[in-house]
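**Student:** Build me a model:
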Amino acid sequence: MSEHPIPLPSRLATGELARASVGAVFRAAGLDRTSDLDADRIALAYRSDRVFRIDGTMPEVWSPYSGFWRSADGWIRSHGNYPHHARALLRGLGLPDDAGAQDVGATIAGAAGGDSVRRITAAGGLAVVVGAEDPAIDAEFRARPLVEISRTGDDEAPPAAARPSGHHAPLHGIRVLDLTRVIAGPVCTRTLALLGADVLRIDPPHLPEPVWQHLDTGHGKRTAILDARSPGLQTLLAGADVVVLGYRPAALERLGLSPDALTARHPGLIVAQLSAWGAEHPDRAGFDSLVQAESGIAMVESPDGETPGVLPAQALDHSAGYLLAAGVIDAVRRRRDERGGWHVSTSLRRVAAELLGMPRRSQPAPAAEIDPAPHTQDFTVGGRIVTTARAAIPGFSFAAPRAWATDAPQW
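**Tutor:** Numbering: from 1, shown residues only. The predicted structure is shown next:
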């Protein structure tokens with residue numbers, strides 16, 4: 001593997017984590033040489049929002065309701081990129097729907113951070129208190145595998161799809177039902193599509209995905225909307241080899257889509273599950289930025305020891321996506337060789353614990369300039385030119401993303 005460092009400057013070993021995560025896919029897929037991994041390509045893949053363009057224009061990525069806020073006794077971090085989360089945040093703080101960021105800041109500044117977080121969370125919003133790292137908790141997480149893979153059934157029927165011998169794409173013929181959103185899950189399924197899988201993403205009809213977010217991680221996938229309680233989803237599950245789950249475990253349980261429920265109905269299914277906080281917190285929603293804040297990463301990356309900082313990329317999301325994809329590839333091989341169903345899982349919090357346990361620097365390395373031209377590609381989607389980062393896996397090129405919800409919900 002190349003020794004050229006991944007240019008993702010931070011105190012924590014963000015670049016090393018990125019290299020290991022992408023390399024895990026490379027090795028799981030039986031590809032030739034991890035030395036072919038390109039450091040600059042990986043860095044831009046992790047920071048793809050920095051090079052994403054629609055008709056040459058960079059979209060607004062962050063909502064004004066997402067960020068760090070000083071409270072009366074410290075800091076909190078909120079996430080309001082989805083409109084329903086923004087409305088819930090304002091409702092929890094007792095503010096009108098047209099309140100601005102200054103109103104949010106003033107309200108949070110006048111109360112203890114924990115009180116504001118409880119009010120926001122009770123209203124259905126997303127916020128956490130910015131915390132210090134806790135090595136004991138991180139050690140507990142690291143005592144478990146980074147990606148857990150376990151057999152879930154003894155189905156003896158041959159797999160529904162099998163890779164033809166010698167095919168260049170390792171996952172050719174494998175059907176993947178994608179029930180994920182935001183970054184980590186879509187990065188996983190985008191990687192599976194890159195390696196030849198037939199990936200169909202399903203979203204609920206009432207929650208449209210931000211255009212830029214979908215196009216930045218939608219490469220090679222078909223995309224449709226379908227109610228999770230509909231018979232159509234069960235038909236799709238019956239024809240799938242793999243289902244990737246990215247919603248809260250408790251929400252999946254209520255919909256009858258928990259791993260146990262799925263494998264009971266489909267004994268040979270591979271179920272891959274990604275969550276923010278892990279199985280210990282089935283009803284907690286979360287995002288990379290919130291996990292960074294609560295786990296202590298934000299304070300490790302503080303520029304001055306007092307103000308929270310951030311990693312140079314949504315590294316927990318991207319690494320979780322690549323690592324889960326590597327686990328799925330391994331489970332596909334195991335199912336082919338051993339039959340049975342398989343469960344693959346990881347969480348953003350587990351990845352955070354891994355990062356916090358890696359060697360760190362006293363100061364970030366100087367930022368390196370990367371020429372994006374060799375590492376981006378253009379697609380025409382719905383008559384518009386979409387520019388995205390190229391695939392981090394050498395030897396493979398992304399197929400174009402498709403406009404959100406423009407395909408039929410069928411194999």
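**Student:** Please name the residues that touch the spatially closest residue to Ala389 that is not a sequence neighbour.
**Tutor:** Excluding its sequence neighbours, the residue lying closest to Ala389 (CB to CB, 6 or more residues apart in numbering) is Ser48, at 4.0 Å. Where you see a C-beta, it was placed from the backbone N, CA and C, and this is true even at glycine. By CB atoms under 8 Å, 6 or more residues apart in numbering, Ser48 lies in contact with Asp216, Thr217, Thr388, Ala389.
**Student:** Now those residues in JSON lines, please, with extra columns for neighbour count.
**Tutor:** Output for those, formatted as JSON lines (neighbours: other CB atoms under 10 Å):
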{"residue": "Asp216", "neighbour count": "24"}
{"residue": "Thr217", "neighbour count": "29"}
{"residue": "Thr388", "neighbour count": "26"}
{"residue": "Ala389", "neighbour count": "24"}
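**Student:** What are the boundaries of the strands in the stretch 301-411 of the chain?
**Tutor:** 342-347, 376-381, 384-389 (DSSP state E, counting those that start in this stretch).
**Student:** Serialize the ones you listed to CSV and add fields for distance to Ala264 and mean pLDDT.
**Tutor:** CSV is the format used below for the strands of the stretch 301-411 of the chain (distance: least, CB to CB, whole Å; pLDDT from 0 to 100):
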stretch, distance to Ala264, mean pLDDT
strand 342-347, 12, 98
strand 376-381, 39, 98
strand 384-389, 39, 98
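**Student:** Just say which of those is most tucked in.
**Tutor:** Each of the strands of the stretch 301-411 of the chain was assessed for mean neighbour count using mean count of other CB atoms under 10 Å. The highest is strand 342-347, with a mean of 26.
**Student:** Each with direction, which strands does that strand pair with?
**Tutor:** Strand 342-347 pairs in its sheet with strand 148-151 (antiparallel), strand 270-275 (parallel), by DSSP bridges.
**Student:** list the buried ones in the first one?
**Tutor:** Neighbour-count burial for strand 148-151 flags Ile149 (criterion: 16 or more other CB atoms under 10 Å).
**Student:** Other residues contacting the helix or strand following that strand?
**Tutor:** Counting by DSSP states H and E, the next helix or strand C-terminal to strand 148-151 is strand 175-179. Applying CB under 8 Å, 6+ apart, the contact partners of strand 175-179 are 160-161, 185-186, 189, 192-193, 197-202, 221, 228, 236-237, 239-247, 257, 328, 411.
**Student:** Could you pick out which of those residues are located in strands?
**Tutor:** Counting by DSSP state E, the part of those found in strands is Asp198, Val199, Leu200, Arg201, Ile202, Val242, Val243, Val244, Leu245.
**Student:** what about the last one, neighbour count?
**Tutor:** By that I understand Leu245. By other CB atoms under 10 Å, the residues close to Leu245 number 23.
**Student:** Please report how far it lies from Gly23.
**Tutor:** Look at Leu245 and Gly23: by CB to CB, to the nearest Å, they are 25 Å apart.
**Student:** from the contacts of Ser48, which is closest to Ala368?
**Tutor:** Ala389 (16.1 Å; CB to CB).
**Student:** shouldn't that closest one be in contact with Ala45?
**Tutor:** Yes. Ala389 is in contact with Ala45 according to CB atoms under 8 Å; the separation is 4.9 Å.
**Student:** Please identify every residue contacting each of these two.
**Tutor:** By CB under 8 Å, 6+ apart, Ala389 and Ala45 have these common neighbours: His375.
**Student:** got a list of what Leu257 touches?
**Tutor:** Here Leu257 is in contact with Leu179, Ala228, Leu245, Tyr247 (criterion: CB under 8 Å, 6+ apart).
**Student:** Compare the residues you listed and tell me which is most surrounded.
**Tutor:** Leu179 (26 neighbours).
**Student:** bridging residues for that one?
**Tutor:** Bridge pairing for Leu179 (DSSP bridges) gives the partners Leu245.
**Student:** Ala143 versus that one, what's the distance?
**Tutor:** 29 Å.
**Student:** before we move on, what about Ala250?
**Tutor:** Distance of Ala250 to Ala143, computed by CB to CB: 24 Å.
**Student:** Sweet, I'm off.
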